[in-house]
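Student: build the 3D model from these lines:
(one chain, ligands or ions: 2)
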Amino acid sequence: MTISQELFQKAGTLIPGGVNSPVRACKSVHCDPLFVASAGGSKLTTEDGDEFIDYVMSWGPMLLGHNHPKVAAAIAETATRGTSFGAPCRLEVELAQAVVDAVPGIDMVRMVSSGTEATMSALRLARGYTGKNGVIKFHGGYHGHADAFLASAGSGVATQSIPGTPGVPADVVKHTLLAHYNDLDAVRTLFERQGDDIAAVIVEPVAGNMGLVLPKPGFLEGLRELTRKHGALLIFDEVITGFRVSFGGAQAAFGIDPDLTCLGKIIGGGLPVGAYGGKREIMSHIAPSGNVYQAGTLSGNPLAMAAGLATLKALAKQDYPALAARTDAFSGELENILRGKGVPVTRNHIASIFTLFFTKTPVVDFPSAQTADSKAFVSFYQQMRAQGIYLAPSGFECAFTSFAHSEQDFERTLEAARKVEF
Ligand SMILES: Cc1ncc(COP(=O)(O)O)c(C=O)c1O
Ligand SMILES: NCC(=O)CCC(=O)O
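Tutor: Ligands and ions are numbered 1, 2, ... in the order given. Model prediction:
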């Protein structure tokens, strides 16, 4: 047995499924998870001493690469002054300023400790602000694990084929309305039928939890128009796309002005941070300036703020278009290699994110993502992992590159792909 396998066996007796988040268990690719001992730049090193080129990057946060010296130094320096105050600190103001400066739709922002908290709180605010209950989400969209969002969710819910999660009351689910991503007509119909009681549309502006799916031209614009028309809020869940699709997120890249924006992952530089923000008039309804309650013992934690701030400062100096072009070229070559082996492949790419779907069908929504051949994916995943390439263990997730990935990393990855047999 490897050390990872020993640890996983022990973990299984102590932690449900042996993991603290289901997607890590690698169940659907019929592998045991690798236990990571350390990470630096584009690489992970396991407890067994094996090195992997990482395209998971902690599920998105590590856009600068693992253990970036500036981020590590900021955390260490801040820790010398204490780890949690439960009282306001300077770093919260500085990170809030950095977020407001970067993200066009955010005038005010509230820090929380995860993406789940950000989306859950944004929905509560939308309901409190509009006095309505309904929320439209998209099939295959994942917004964390709050009750309202687990219906037809992507990511691990899709990977494990969990139809409707036990434990979520029907009284809650009845307020969640579903449409297919990129299907504006379906959203229009929901508004026509039930518009009086729809508080918000929540959308990943670029979907990243059914694999990567780009918005069709006009889709996001249409959501903006429909929500305005019916007095509902448009919530952009930019937990993946924030600071990644561009420094100002997908909203800056696509020129759409959402009412509320949810952030997570990159904003914490690898520490537990989420945030939700938006128009001053709406945000001022949050307690204590307003009556929509939301709180957190560790919200605005100094170590987390320091990591986020150091990350955003370093990212502001990075060449996003260059990384996008390199990721496009690399993922395009990967696509060519696989196609050359006779397997059908559809590639979706934006910025430093891509997904290769094992299907001929263009992937524009959850049903088309589900046409991908999961057997081919499992085989690809296993053979790549055996050659030191660490991909997300599900066809419904994205591959992430980072500013730390070198051309040599890409070349080694392509070399591994050339050896894969289907
Ligand atoms: C788009 C999106 N929203 C929300 C979340 C939830 O964030 P967290 O896992 O930090 O709770 C995730 C990822 O997990 C996500 O990808
Ligand atoms: N794209 C899905 C996630 O990032 C989730 C990570 C997790 O639940 O561990």
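Student: next to ligand 2, which bits of the stretch 251-400 of the chain? Give me the list.
Tutor: The stretch 251-400 of the chain comes close to ligand 2 at residues Glu397, as judged by CB under 6 Å from any ligand atom. For glycine as for every other residue, the C-beta is placed from the backbone atoms N, C-alpha and C.
Student: and the gap between Asp101 and Asp107?
Tutor: As for Asp101, its distance to Asp107 is 11 Å (criterion: CB to CB, to the nearest Å).
Student: oh sorry, the question was meant for Ala392
Tutor: As judged by CB to CB, Ala392 and Asp107 stand 34 Å apart.
Student: do Asn67 as well
Tutor: Taken as CB to CB, the span from Asn67 to Asp107 is 34 Å.
Student: neighbours around the residue in the stretch 251-400 of the chain that ligand 2 sits nearest to, how many?
Tutor: Residue nearest to ligand 2 within the stretch 251-400 of the chain: Glu397 (5.3 Å; CB to the nearest ligand atom). Using other CB atoms under 10 Å, Glu397 has 26 other residues around it.
Student: what of Val157?
Tutor: Per other CB under 10 Å, the neighbour tally for Val157 reads 23.
Student: check for me that it belongs to a helix.
Tutor: Yes: with DSSP: H, G, I helix; E, B strand; the rest coil as the criterion, Val157 is assigned to a helix.
Student: mind listing what Ile298 touches?
Tutor: Just to correct that, residue 298 is Leu rather than Ile. By CB atoms under 8 Å, 6 or more residues apart in numbering, the contact set of Leu298 is Ser84, Ser113, Pro272, Ala304.
Student: what is the burial count for the last one?
Tutor: What that stands for is Ala304. Per other CB under 10 Å, the neighbour tally for Ala304 reads 28.
Student: excluding covalently adjacent residues, which one is nearest to it?
Tutor: Nearest residue to Ala304, sequence neighbours excluded (CB to CB, 6 or more residues apart in numbering): Leu271, at 4.1 Å.
Student: now for that neighbour: which residues touch it?
Tutor: Applying CB under 8 Å, 6+ apart to Leu271 gives the contacts Ile75, Asn301, Leu303, Ala304, Ala307, Gly308.
Student: show me which residues of this structure are close to ligand 1?
Tutor: By the rule CB under 6 Å from any ligand atom, the part of the chain lying against ligand 1 is 114-116, 119, 142-144, 204, 208-209, 237, 239-240, 264, 274.
Student: quick one: secondary structure of Ala275?
Tutor: Classification of Ala275 by three-state DSSP places it in strand.
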